[in-house]
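*Asks:* Here's my sequence, what's the structure:
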Amino acid sequence: MRSPRYTVLLANRKTGAVRRFTFVRLPAIASVLAVLALPTLIGLGARWAGKADLDNLREANDSLRLENENYRAMTGELATQVSSLQDAIDDLSRETALEPVTRQALDRLPASIRSRAMGGGFAATPLASTKESPESTFGALKDLLGALEDRLTTVRKGVEGRQALVAALPRLWPLTTGWLTSNFGDRTDPITGGAERHTGLDISAKRGTAVFATADGTVQLASFDGSYGNCVELSHGYGIATRYGHLSKFAVQVGQQIKRGDVIGYVGATGRTTGAHLHYEILLNNKPINPLQFLAKPQPVVE
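*Replies:* The predicted model follows:
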């Protein structure tokens, strides 16, 4: 069934002109309803779009808050690690503090030996502070952490090198009892009466008195050696060696690892000597040096 048609007449009173408008009922009603519904639809669309934008903003805000919290947590962990590394470096630096006598003995070694053993200095890297954004703080702390890890490795190597050098330094008297009868340097030969260069210290003691290693090292020689008689020679590394002559017998063998204070032999009168005593030498790069500049403990006493 076709929709009925309607005609509307509009007359102008002044001119008498008449205008006729014809329309079909259903399309007209639909057009009117569409015009009336358009603002409502626009309002609903705007509302839905606004709600979607608000939801997106909330999600973005939640994401940023979570990211910020993660940055803060990671930054806090890095700050803790940085502080721990700084403390470790400070502790290691304090470990390098030596007794004045030991430090003086180390200072008497050539600079080339000290630098080879200990490497660079031990100054700690200061902990930096920053008030930048979390990302900048995180990056700065991460960089600082890496630098401190490298520094800790360097300091640890330096401390270990210094400890090894101190252990290799002959600073203990080789006898606990006895008396010093001849110093290092020029002297009168006790057998011929002529002038000679004495390369060590002569310490008189009773035959059979224990002789001690004056530093950590390895036994290089434990045998009869000409005028030294029964002789023990220890290598301590860094070009440092010690020699113990005129022994009555040995307490070590070649290749044995020795610690400072270990018994290596006993006082005797073997080799070129006029009586029971210990001839003690320190050699630096195979050249005899005065042992008195390294000995840190009091000389032995007479019993």
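*Asks:* isn't there a strand covering Gln163?
*Replies:* No - in this structure, Gln163 is helix, not part of a strand, as judged by DSSP: H, G, I helix; E, B strand; the rest coil.
*Asks:* Run a quick neighbour tally on it.
*Replies:* 15 (other CB atoms under 10 Å). Glycine gets a C-beta too; all of them are placed from N, C-alpha and C.
*Asks:* Walking through this protein, point out its helices one by one.
*Replies:* 25-95, 100-107, 111-118, 134-168 (DSSP state H).
*Asks:* Report the mean confidence score over the longest one.
*Replies:* So the one you mean is helix 25-95. For helix 25-95, the mean per-residue pLDDT is 64.
*Asks:* before we move on, what about stretch 178-185?
*Replies:* Mean pLDDT, stretch 178-185: 87.
*Asks:* Take it, keep the C-alpha atoms, and write them as PDB.
*Replies:* The C-alpha trace of stretch 178-185 is given here as PDB (Å, rounded to 0.1, in the frame of the first residue of the first chain):
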ATOM      1  CA  GLY A 178     122.500 -14.400  69.500                       C
ATOM      2  CA  TRP A 179     124.500 -11.200  69.000                       C
ATOM      3  CA  LEU A 180     125.500  -9.200  65.900                       C
ATOM      4  CA  THR A 181     129.200  -9.600  65.300                       C
ATOM      5  CA  SER A 182     129.700  -8.100  61.900                       C
ATOM      6  CA  ASN A 183     127.700  -5.600  59.800                       C
ATOM      7  CA  PHE A 184     127.100  -5.200  56.100                       C
ATOM      8  CA  GLY A 185     129.800  -3.300  54.300                       C
END
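*Asks:* Could you identify the longest strand within this structure?
*Replies:* What stands out as the longest strand in the chain, according to DSSP state E, is strand 240-250.
*Asks:* That strand pairs with which strands?
*Replies:* strand 230-237 (antiparallel), strand 263-267 (antiparallel), strand 277-284 (antiparallel) (DSSP bridges).
*Asks:* ok, and for the first one, which residues are buried?
*Replies:* It stands for strand 230-237. By neighbour count on 16 or more other CB atoms under 10 Å, the buried set for strand 230-237 is Asn230, Cys231, Val232, Glu233, Leu234, Ser235, His236, Gly237.
*Asks:* now do the second one
*Replies:* For strand 263-267, a neighbour-count test (16+ other CB under 10 Å) marks Ile264, Gly265, Tyr266, Val267 as buried.
*Asks:* which of these lies closest to Gly208?
*Replies:* Tyr266 (5.1 Å; CB to CB).
*Asks:* Return the residues in contact with the closest one.
*Replies:* The contact partners of Tyr266, by CB atoms under 8 Å, 6 or more residues apart in numbering, come to Arg207, Gly208, Thr209, Ala210, Val211, Leu247, Ser248, Lys249, Ala251.
*Asks:* which of these count as buried?
*Replies:* Neighbour-count burial (16+ other CB under 10 Å) applied to the contacts of Tyr266 gives Thr209, Ala210, Val211, Leu247, Ser248, Ala251.
*Asks:* quick revisit: state the mean pLDDT of the longest strand of the chain.
*Replies:* The average pLDDT for strand 240-250 rounds to 96.
*Asks:* Equivalent analysis for stretch 271-285, please.
*Replies:* 92.
*Asks:* could you dump that stretch to CSV, C-alpha only?
*Replies:* Only the C-alpha atoms of stretch 271-285 are listed here, as CSV (Å, rounded to 0.1, in the frame of the first residue of the first chain):
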residue,chain,number,x,y,z
GLY,A,271,132.3,-23.4,55.1
ARG,A,272,134.7,-20.5,55.6
THR,A,273,134.2,-19.4,59.2
THR,A,274,136.0,-19.0,62.5
GLY,A,275,133.1,-20.2,64.7
ALA,A,276,129.4,-21.0,65.0
HIS,A,277,127.3,-18.2,63.6
LEU,A,278,124.8,-17.4,60.9
HIS,A,279,125.7,-15.4,57.8
TYR,A,280,122.5,-13.7,56.6
GLU,A,281,122.1,-11.8,53.3
ILE,A,282,119.3,-10.0,51.4
LEU,A,283,119.7,-9.8,47.6
LEU,A,284,117.7,-7.5,45.4
ASN,A,285,118.0,-8.4,41.7
